[in-house]
Each structure stands twice: as structure tokens, then as C-alpha cells.
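Trainee: Okay, predicted coordinates and the sequence, questions at the end:
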Amino acid sequence: MAGLPTTARVVIIGGGVVGTSSLYHLCKAGWTDCVLLEKNELTSGSTWHAAGNVPTFSSSWSLMNMQRYSTELYRGLAEAVDYPMNYHVTGSLRLAHTEERMQEFQRAKGMGRYQGMDIDVVGIEEIKRRYPFIETHELKGALYDPSDGDIDPAQLTQALAKGARDMGAKIIRFCPVTGVRRENDEWIVETPQGEIRCEIVVNAAGYRAAEVGRMFGREVPMMVMSHQYILFEEIPELAAWSKEQGRKLPLLRDVDTSYYLRQEKTGMNLGPYERNCRAHWATHNDPMPEDFSFQLFPDDLDRLEHYLADAVARVPILGTAGLSKVINGPIPYAPDGNPLIGPMPGVPNAFEACVFTFGIAQGGGAGKVLAEWVTQGQTEWDMWSCDPRRFTSFASAPDYCVAKGMEIYGNEYAIQFPRHAWPEGRNRKLSPLHERIKALGGRFDAYNGWERATWYARPGDDTSEEATLTFRRDGPWQHRVREECLAVRDAAGILDLPGFSRFNLEGPGAAEWLALQVTGLVPKPGRIGLVYFSDDKGRIVTEMSVVRHGEDLMTLITAAVAQWHDFEWLKSRMPADAAFTLTDRTEEYSTQILAGPNSRKILADICDADLALPWLTHQETSIAGRWAKLVRVSFAGELGWEIHTKVADTVTVFDAVWTAGQKHGLKPFGMYALDSLRLEKGYRAWKGDLSTDYTILQGGLERFVKWDKPEFRGKAALLNEKQQGVKKRFVTLVVENPGDCDAPYMSTLWHDGRIVGETTSGGWGHRVDKSIALGMLRADLAEPGAAVEVEIFGDRFKAVVQTDEPLWDPKNERLRA
Ligand SMILES: Cc1cc2nc3c(=O)[nH]c(=O)nc-3n(C[C@H](O)[C@H](O)[C@H](O)COP(=O)(O)OP(=O)(O)OC[C@H]3O[C@@H](n4cnc5c(N)ncnc54)[C@H](O)[C@@H]3O)c2cc1C
């Protein structure tokens, strides 16, 4: 066994597939002075007993990217590192029982093809041809993924470890990390074998990541489920078929019933995600054992019965086989089921690559992403879906993690519908107005834990969960959302926006420093302005509103979900000796949006503010005796103000506005209406339209770039891009004769039989009565009037590029009224 080195550049804690892949990719990036510490033997956590399925399917663009990369890596890995392993690329059939499932498959096919994969949606005959033992009752069709398959997880891990060792990295086994401490801006990693001083630490401790996180003072949002699969003895018919064909059956996933069935040698492997699932180590009287290496939970066959019966009906030869073994092991879950890869929130020079539920499928890509975070501080693909900062502190509460983890596990294969609000883990953060909004008919969803109204139902409206299980636009909410939008257009609307993230930046030099961080101008005192943050490659990191109160006193406002990400982006770039400070004030204030032509009259009735002050100004006033800040902006694209108050004053101020508004036609409106209204203005949304997948110039944000500023982050890259020519551009498209659905994120755009771009968001604009898509299009096609096609759930529709101004109120006259 190699001795423990005393120093290293990076220490990785955990030797499962993810830790070793991270090590391998760090070495590939030239960082070979890295050490991996594993408390037991490599693979002894979840990796050794994983079934080893390697799908590429995902309804998320970034997860699909990561999984696709894994399959490409694994295909060449044995040869690249000279370590033979079993990797069977068998292809897979993912079965559909419903039309909605077929729609999901069509969308995945569109994304998969865009990523260069040969994914297809097939009918019953093709299913039977590819899988001769199948019964096709209740089926509508299937998704065929030729690059799906299975790999031996232990061999994969050993291959990655060998590759890393060959490049110079060290792996120390039977060396548990027992603590960490910070000394002179370095980490000291403590183990029974001694200490390692290093620059950077990575938590890759799998289902033990919470334990390791606590060493850093970090509560990792996660829980542990038990997950089982059953192995069957040889099935003679299958053995004969396989011998004759010289190959294995494709992997079968009956996602609507919730299991996979895979050929394992000459038998089979059945793995369900049971609805009646079980959390482990979730209560004080069931603590995680000190060591669970290479151990399993007892079999729990009762939970499997239903799935076994279903699988036997689907593939009857399974009924002839004896059961040989049950594997029931620990599998970690984050509250949204995605892993954590990226900077460890609030901790310097520390990263996470943990809490993987599909670590075999994602491990390859995860290693690449982690290595990019460590070596470059940024990633090639936008990886917000896995960024640990997407969860804030509320999400680490154990009861929340358990509720969400069980919900996701039991619905692992569920279709993600755009209007479906998952019911577990709710009511974590309530606006002081919550009861009033509920009484007005508000239907809710959680935004960074904050319950916000999505739409307002009337008595008799269908508010069932079932009604939201659709991709169609015309759900029961649609005519109410329309009424809300039209009220905002014709009279006035009010939207309660709890949890709008806000940071105060104040002190000598604050404005000068901020000017270096943003591409454009910091607004003058008394004004509010939108600013964009670019990374060194010119890509869009984030957008914030700056309310400038004084020379060096500002409030920076950003999306609720961006709270930790944006705070850290700012904080980590502040000079150590800065004379100014940054403080998170999100919990102290609340915001209500008042929008519509009558909003001035309403405010005039209840405050003495100067309501003639122009668009993009702000002022303090008093409403019902309470302090309020009126900010004249409107994401809804009408005359309007944001009303910022102390949280304690929210109800009093709302009541005053509500009462005064009654004679002016004031109506409440929700997040769905706001989304429709902002689409008509071409306003970008966080992590759809605004992401590091695009540069500031591609994003159509050049008007927010002040080229003659001496310096700002990203300037060199953006100047270079401008000189070379921008390759794709942000456009607003109107879909002609659309079908029943609007374009979801990452629908492909076509021209002359080729993919020429993608949508970044889409929806119905009620003021213009059109289906709108925002997206990125090849630059030569991004001309007003140009016609392309947009593929929405498999069907193509004509979409026309609009002029570079908002569809609604193109000259912003209503905003400035
Ligand atoms: C029954 C079952 C079937 C599965 N099938 C699949 C599948 O088909 N496809 C798929 O993609 N995924 C599957 N999974 C999930 C998969 O096993 C995990 O996602 C994956 O193994 C996670 O890898 P990891 O490296 O993150 O964690 P782990 O493999 O758990 O590795 C973490 C390592 O960290 C070590 N460690 C912990 N604490 C310390 C410490 N303090 N100091 C040093 N080392 C420490 C542990 O000993 C462990 O070796 C399955 C899971 C189960 C339970």
C-alpha cells in the first residue's frame, strides 16, 4: 500500500465510481498532484453492487449531455487505460403506456438527435422485432436508444483508477478521512494514517457525503433510500436465443409501471423503483452505521411483488425462472434527485461530487464536470441542474430531504410536466400573505422553498393534481391565466413575490468594484438598472437589478433560486481588503408587483410618492403608515411598480393596495401569467434563456455592454467574438398554427432539413394571442421575417423570426406612460 503523502494539490474523499472518475479527469486536465482517500476498498460504497445500467435518456439537456459523454468515454476506456472490462452496448427499449409518455419520448428524441445520438421512437412491430419475448398489451410505442447498455461498475472504477494512477495520481485505500481544518488558506485533511496539506478538497463520499460535509460545517441536502434488484437463474429459451443471435436482449424499461428488466448473462435482472419505497438511516433511532462497506440491507420481497407480476406478464419467459439473488443496497438522493457537482456552498476551495442516484451512468460525465470546476472554476456545459447552490439552507432539513427523496424515488421515471407542482416538502417558506392569497383562489408552487401563487382558481375550476399531468396548454388554468394577463393589460394586477433574493452592497469603492464585474453601466443614484455578469469566456453568468440608493450604497436583486449562486459569485470576487460589504437581506424584505395602466391611480390613493418619476427610478414612501420603496420597473411589461416593504409590513401594505385597487379593477395574478407577460416582452428567464451555454452577445444583450469601459470581466472574449462574428443569436419566434402545446425548453429549430438552433423558453402570449418561443438561432437565419421550423413533441411547426423588439408594446410606451 502506498504511503500517505504529506501534501497534494487536490484531495478527493471517496473511491467510488465518481471519486475515481474525478481523479482521472483531473489528471487528464494535467492536475496529477492529486490524492484519493478511500475509507475501505475502492467501490465499497454504492458502486460495487450497482446494476451497472448506462442510459443516456434524460428530460434534462445537461444530464443527457453528461450521460452521453459517459457512454462515449466508457466505449474507449478499456483500451485507453489498458484495463479490460465488460461493457455491453445492447440498446434499450423504454416503453410507453400513454400518449403523454410518447410526447416525452419525442422530446427526448429531439434533444438526443441534437446531441448526435441516434435515438428513435418506435411502434409495436418494431418493439416486437427488437424484443421477441415481449407481450405488447397496453403499449403505445417505445423509445429506442442504441447507446444504452450495462457496464461492470467495479471494473469501470478500477479502470478509471488505473488510468489516474498511470498519469501520476495516488490512491490510498483503507484511509478514512476523519476531519478537515483550515490553516493558512490551505486544507489539512486528517486521517488515522496522518495528515495531508492541500489546496482543494472534493467530497465524493456517496451516501456518506452528509457525514463528510459536516467536517466542513456544511449540511449536504440528501437522504438515503434502499434500492433493490432481483437476479434470476438461467432461462433456457433466452440462453438459446442469445447464443443464436450472438448478442444480449436490449434493456427494457417499463417506465409507466416503474421497473427495468435486463438480460444478465443467460438470466435476468429486474429492478423496480417501488412506489411503496423505504428510506434508511433517516431517524435518530436508525443511525447510519460507522461502517457499511460491502454490506447490503435485508431483502424486502414484499415491496417487489407487484413489479414482478407485471414483468412476468410483459415477458412471460421470466415466469419460468427461479430467483437467484436479491441485492438491496443504499442509494443517496438529493431533494430533486439530481447529484451535487460543483462548489461546496459557503466553503472556500472545496467541491462536491456526491449524492448520485445514477452514478454509473453519470460518473464519466461527472468527472469531467468536476475537473472543470476545480481546474477552471467553470464548466463547458451549463450545469445548474447539478450545482449544489441550487438548494439553500431550508433544503437541508432532514424531514424535507426524506419527504422529497421518497417522492422522487417512488416517481423516478415520472414525466415532468410543466404545470405539475410536486406535493411533498411544501409550505416550507410562506409569505405573510399566504392565507390571503389562498383565500383568493391561489394555486401554489415552491420557488426556492417559497410558496408563490401560480394561478388563481375560481369555484368550480378543476384544481386536481391529475389535471396538471399534461403538456397541453389548455389545462384548467389557461382561461384564468388569460383573465389575469388581460387584467394586467387593461386595469391592474398584483403579484406577491416572496423570496426575491436581495443583497446590499455598501461602503467605499463598492460602485467602482461593481462596475468591473458587470458588462454595462451601474445605474446612477436614484435609478435602477439591469446588469449582466459575464465569465472570462464572455458567457452569461447571471443578471441582477441594481437599485442604487447612494454613491456607494446599492441593493442587488436576483431570482429566488439564484440566491446562493449569485451571492457567492459576488462574494468570492471581492478583494480581501475591500472597504465595502455584501450582505444577504433576502429574509428581511418582501416584494409585491403592481402592474397595469391603473396602477398609478391606485398608488395615488394611498401614498404621497411622486408617481410622475420616470421608468427605472425608485423612491421611498409610506403606505398605510409603513415604509415602502417604490421601484418603477415591470417584468410584466406595463406601467407598474415593485413595492418593497419590510416583511412584517407586507400584509398592511397589501391590504391598503388591495382596498384602493377595488375601484380600479385590481386583480391578483400569478407566476404563470407573469411568465406569459414576460415572454411577450422578450425578457429572459434565469437558467432557461440566461445560462452559461450562451455568451452575452449570443444572448442578444449587447445593449448591456459598455465597450468603452476600460475593463470588465469577459471583455477580451466578447471583443474577440464580436470581431470573429457571433455564430448564433437570440431570437423571438412566433409559432404559426401551433398545435396543442407551446415549445418547451430545448425544442430544436430546423431549416432546410437541418437543426439550426434551439428554444430556450416558450409559452402562450395572451396579449398578442400567439404561441411564442424564445431561442438561439444560427446567425445568418436570425433576420426578421425568416421562417424556420420548431419541433414541438415530434411535430414541426412554422416559426417566424420577429424584429428585435418586444412583441408587446415594442416602443415601451406603456412601460414609460
Ligand atoms: C441496488 C442498486 C442498483 C443500482 N444500479 C445502478 C445502475 O444500474 N446505474 C447507475 O447509474 N446507478 C445505479 N445505482 C446507483 C449507483 O450505485 C450510485 O449512484 C454510485 O455507485 C455512486 O457512486 P459514488 O462514487 O458517488 O458513491 P460510492 O460508490 O458510495 O462511493 C463513495 C465512497 O466514499 C467512501 N467514503 C465515505 N466516507 C469516507 C471518508 N470519510 N473517508 C474516505 N472515504 C469515504 C466510501 O467508502 C465509498 O467507497 C444503483 C444503486 C443501487 C443501490
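Mentor: Thanks, I have the structure now.

Trainee: now whichever residue of the stretch 151-300 of the chain sits closest to the ligand: how far from residue 452?
Mentor: Across the stretch 151-300 of the chain, no residue is closer to the ligand than residue 206, which sits at 2.3 Å (C-beta to the nearest ligand atom). To be clear about C-beta, it is placed using only N, CA and C from the backbone, and glycine gets the same treatment. Distance, residue 206 to residue 452, by C-beta to C-beta, to the nearest Å: 34 Å.

Trainee: Of these two, which one has the most company?
Mentor: Legend: neighbour count by other C-beta atoms under 10 Å for residue 206 and residue 452, higher for residue 206 (28 against 23).

Trainee: Return the residues in contact with the nearest residue to the more buried one once chain neighbours are set aside.
Mentor: Counting by C-beta to C-beta, 6 or more residues apart in numbering, residue 206 lies nearest to residue 45, which is 4.1 Å off, once chain neighbours are set aside. By C-beta atoms under 8 Å, 6 or more residues apart in numbering, residue 45 lies in contact with 14, 16, 205-208, 293, 330.

Trainee: And for residue 392?
Mentor: For residue 392, counting by C-beta under 8 Å, 6+ apart, the contacting residues are 448-449, 563-564.

Trainee: Let me have those residues in JSON lines, extended by neighbour count and pLDDT.
Mentor: Putting the contacts of residue 392 into JSON lines (neighbours: other C-beta atoms under 10 Å; pLDDT from 0 to 100) gives the following:
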{"residue": "448", "neighbour count": "23", "pLDDT": "95"}
{"residue": "449", "neighbour count": "24", "pLDDT": "96"}
{"residue": "563", "neighbour count": "23", "pLDDT": "97"}
{"residue": "564", "neighbour count": "21", "pLDDT": "98"}
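
Trainee: Which members of the residues you listed occur in helices, if any?
Mentor: In helices, defined here by DSSP state H, the members of the contacts of residue 392 are 563-564.

Trainee: Among the contacts of residue 392, which pair sits farthest apart?
Mentor: 449 and 564 (12.0 Å; C-beta to C-beta).

Trainee: picking up where we left off before, pLDDT wise, what is the residue of the stretch 151-300 of the chain closest to the ligand at?
Mentor: Per-residue pLDDT puts residue 206 at 98.

Trainee: distance of it from residue 12?
Mentor: Noted for residue 206: a distance of 12 Å to residue 12, by C-beta to C-beta.

Trainee: can you check residue 328 too?
Mentor: Applying C-beta to C-beta to residue 328 and residue 12 gives a distance of 28 Å.

Trainee: Then residue 739?
Mentor: Applying C-beta to C-beta to residue 739 and residue 12 gives a distance of 49 Å.

Trainee: Looking at the protein, which helix is longest?
Mentor: Per DSSP H, the chain has its longest helix at helix 61-81.

Trainee: near the ligand at all, the following helix or strand past that one?
Mentor: Per DSSP states H and E, the first helix or strand lying C-terminal to helix 61-81 is strand 87-88. No - Strand 87-88 stays clear of the ligand (C-beta under 6 Å from any ligand atom), getting no nearer than 12.5 Å.

Trainee: Identify the residues contacting strand 87-88?
Mentor: 54, 74-75, 77-78, 149-152, 156, 248.

Trainee: Tell me which two in these are the farthest apart.
Mentor: Applying C-beta to C-beta across these, the maximum distance is between 77 and 248, 19.7 Å.
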